[in-house]
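> When you get a sec, could you give me coordinates for this:
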Amino acid sequence: MIRVHVFVEGQTEETFVKEVLCEYFQEKYIFLNPILVNTSSTGKGGVVSYAKIKRQLDRKCREDKTAFVTTMFDLYGLPNDFPGRDSLPNTNDPFQKVEYLEQKMGQDIGHTNFIPNLLVHEFEALLYSQPQVFAEWFDASVVSILQGDRNKFLSPEHINDDPLTAPSKRILKCCQEYDKVLHGSLLAIEIGLDTIRQQCQHFHQWLLNLENI
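Have a look, this model is predicted:
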């Protein structure tokens, strides 16, 4: 069985890997192990400093060379010391930006068993794959608002990363009781992996890369 350590930045992503991705990949004899990044000596979660997460990624790649190491971090809100952040290509294409940053991170980590991955632009973008599921947890009126947001963009992953209009900010604006830790993974489970992969091409490509190890 192939083993893959998946570094995540929050409890929602950790649950998503456990509840959605693990079962799917086990059928392909690939075992995923989610690891919540350490941000301090007492806390876990969030990518507040690349230098801190680099040490953790490098250590895992070295100590478990028979396994692979990958990441599930948000493109939105990356720290300023992230490799390639100060030399991003001048483009509005989010896929070009994220692929550039992933390439730079891969080069910086420098291990053959490392597979860099960033979510475009954040976890909540995946939930825009099927806004209708929000009606099962919140007032049904939020569905039309979220669907209207989704219809303005080519895909959920194109929903922009502005501090006021990032996917999570849009959801909170019309659904103030939304709690990422409580609702995020439940909504994703309800949407289903197949639908998310159909809607989110960069996320789909990451899973393909893991399947093709």
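
> what ranges do the strands span in the protein?
All strands of the chain, identified by DSSP state E, fall at 2-8, 30-36, 68-74, 114-115, 118-119.

> Which neighbours in the sheet does the last one have, and how are they oriented?
The strands that strand 118-119 pairs with in its sheet are strand 68-74 (parallel) (by DSSP bridges).

> possible to save the strands of the chain as CSV with distance to Q147?
Every residue, glycine included, has its C-beta placed from N, CA and C. Output for those, formatted as CSV (distance: least, C-beta to C-beta, whole Å):
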stretch, distance to Q147
strand 2-8, 28
strand 30-36, 30
strand 68-74, 23
strand 114-115, 33
strand 118-119, 21
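
> Throw those into JSON lines and include distance to G106 and mean neighbour count, thanks.
What follows is those, written out as JSON lines (distance: least, C-beta to C-beta, whole Å; neighbours: other C-beta atoms under 10 Å):
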{"stretch": "strand 2-8", "distance to G106": "14", "mean neighbour count": "20"}
{"stretch": "strand 30-36", "distance to G106": "18", "mean neighbour count": "17"}
{"stretch": "strand 68-74", "distance to G106": "10", "mean neighbour count": "24"}
{"stretch": "strand 114-115", "distance to G106": "6", "mean neighbour count": "19"}
{"stretch": "strand 118-119", "distance to G106": "11", "mean neighbour count": "24"}
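
> Ok, which of the ones you listed comes nearest E177?
Closest approach to E177 among the strands of the chain is made by strand 68-74 (21.9 Å; C-beta to C-beta).

> Give me the average confidence score over the closest one.
In this model, strand 68-74 has a mean pLDDT of 98.

> what's the answer for stretch 162-181, then?
On average, stretch 162-181 scores 94.

> Now do the buried residues in that stretch.
Of the residues in stretch 162-181, those buried by neighbour count under the rule 16 or more other C-beta atoms under 10 Å are 166-171, 174-175, 178, 180.

> what's next to that stretch, contact-wise?
For stretch 162-181, the external contacting residues (C-beta atoms under 8 Å, 6 or more residues apart in numbering) are 10-12, 76, 121-125, 127-128, 134, 138-139, 142, 145-146, 149, 156, 159-160.

> Can you give me the end-to-end span of it?
Using C-alpha to C-alpha, to the nearest Å, one end of stretch 162-181 lies 22 Å from the other.

> what do you get for stretch 141-159?
Start-to-end, stretch 141-159 (C-alpha to C-alpha) is 20 Å.

> got JSON lines for the buried residues of stretch 162-181, with distance to L186 too?
Compiled in JSON lines, the buried residues of stretch 162-181 are given as follows (distance: C-beta to C-beta, whole Å):
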{"residue": "A166", "distance to L186": "20"}
{"residue": "P167", "distance to L186": "16"}
{"residue": "S168", "distance to L186": "16"}
{"residue": "K169", "distance to L186": "20"}
{"residue": "R170", "distance to L186": "19"}
{"residue": "I171", "distance to L186": "14"}
{"residue": "C174", "distance to L186": "18"}
{"residue": "C175", "distance to L186": "14"}
{"residue": "Y178", "distance to L186": "11"}
{"residue": "K180", "distance to L186": "11"}
